[in-house]
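**Student:** okay, sequence plus prediction incoming.
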Amino acid sequence: MNSANYWLMKSEPEVYSITDLQQQRETIWDGVRNYQARNFLRQMQLGDLAFFYHSNTNSPGIVGLMRIIKTGIADPTQFEPTSKYYDPKSSLESPRWQTVGVEFVETFSNPILLSILKEKFSSDELLLVRPGNRLSVMPVSLAVAKKILNFEETL
């Protein structure tokens, strides 16, 4: 069995929530416009797992899990002039923004709130809790992922 990498991917629940993903079963993770986050998307591999994090809400936290099912997708929103993610410098021949396809795995019975994550992990262990971090996509080490999955089971 291959050892999957783990990631954390943020979305505002009013924009796209774990419930939306559960209903649709799969989607592409479009609209990322930060080069570091884009580079993390480029590193993802089929079968990797990502924690779904609800951001910019009263109770931000990890609410579920999804799996990477497609990689190397040119984010279609970069080509749509009416999209807020439109990038006039991007072209079909040389797209600047790539993304991945994800599928729903599970919704956690108890969200793992940011306050708990800050309490349990240092900023060296989990980028999410680093002061000033605004990345919407970030890697999660196997050790941290295992602890997070264990929290979900014990909350």
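**Tutor:** Here it is on my side, so go on. Please read all numbers here as calculations on a predicted model, not as lab measurements.
**Student:** from now on I want contacts and neighbour counts done on CA atoms only, so please keep to that.
**Tutor:** OK.
**Student:** how far is the one helix or strand in the chain whose mean pLDDT sits lowest from where the chain is centred?
**Tutor:** Taking mean pLDDT, DSSP states H and E as the measure, the chain has helix 142-154 as its least confident helix or strand, at a mean of 89. Remark: helix 142-154 is offset 17 Å from the chain centroid, using CA atoms, centre = their mean, to the nearest Å.
**Student:** tell me the secondary structure at residue 83.
**Tutor:** Reduced to three states with DSSP: H, G, I helix; E, B strand; the rest coil, the structure at residue 83 is coil.
**Student:** next, the closest residue to it other than its chain neighbours: phi, psi?
**Tutor:** Leaving aside its sequence neighbours, residue 83 sits nearest to residue 77 (CA to CA, 6 or more residues apart in numbering; 6.1 Å). Main-chain dihedrals, residue 77, degrees, to the nearest 10: phi -70, psi -20.
**Student:** hang on, the earlier thing: residues contacting the least confident helix or strand of the chain, please?
**Tutor:** Applying CA atoms under 8 Å, 6 or more residues apart in numbering, the external contacts of helix 142-154 come out as 5, 6, 108, 109, 110, 111, 112, 125, 126.
**Student:** mind pulling the model confidence for the residue nearest to residue 83?
**Tutor:** The confidence metric pLDDT takes the value 97 at residue 77.
**Student:** just residue 155 next, same as before
**Tutor:** 62.
**Student:** what's the burial count for the residue nearest to residue 83?
**Tutor:** Neighbourhood size, residue 77 [other CA atoms under 10 Å]: 17.
**Student:** what of the one 3 residues further on?
**Tutor:** Taking other CA under 10 Å as the criterion, the count of residues near residue 80 is 13.
**Student:** that one and residue 86 touch, don't they?
**Tutor:** Yes. When contacts are counted by CA atoms under 8 Å, residue 80 is listed as touching residue 86 (5.5 Å).
**Student:** give the ranges of residues in the chain that sit below the confidence cut-off.
**Tutor:** Scanning the chain for pLDDT under 70 picks out the ranges 1-3, 152, 155.
**Student:** would you map the helices across this structure?
**Tutor:** For the chain, the helices defined by DSSP state H occupy 18-24, 35-43, 114-120, 142-154.
**Student:** mind exporting the last one as PDB, just the C-alpha atoms?
**Tutor:** Extracted C-alpha coordinates of helix 142-154, given in PDB (Å, rounded to 0.1, in the frame of the first residue of the first chain):
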ATOM      1  CA  LEU A 142       2.500  12.100   8.700                       C
ATOM      2  CA  ALA A 143       3.100  12.400  12.500                       C
ATOM      3  CA  VAL A 144       0.800  15.500  12.800                       C
ATOM      4  CA  ALA A 145      -1.800  13.900  10.500                       C
ATOM      5  CA  LYS A 146      -1.900  10.800  12.700                       C
ATOM      6  CA  LYS A 147      -2.400  12.900  15.800                       C
ATOM      7  CA  ILE A 148      -5.200  14.900  14.100                       C
ATOM      8  CA  LEU A 149      -6.900  11.700  13.000                       C
ATOM      9  CA  ASN A 150      -6.600  10.400  16.600                       C
ATOM     10  CA  PHE A 151      -8.200  13.600  18.000                       C
ATOM     11  CA  GLU A 152     -11.200  13.100  15.700                       C
ATOM     12  CA  GLU A 153     -11.700   9.700  17.100                       C
ATOM     13  CA  THR A 154     -11.400  10.800  20.700                       C
END
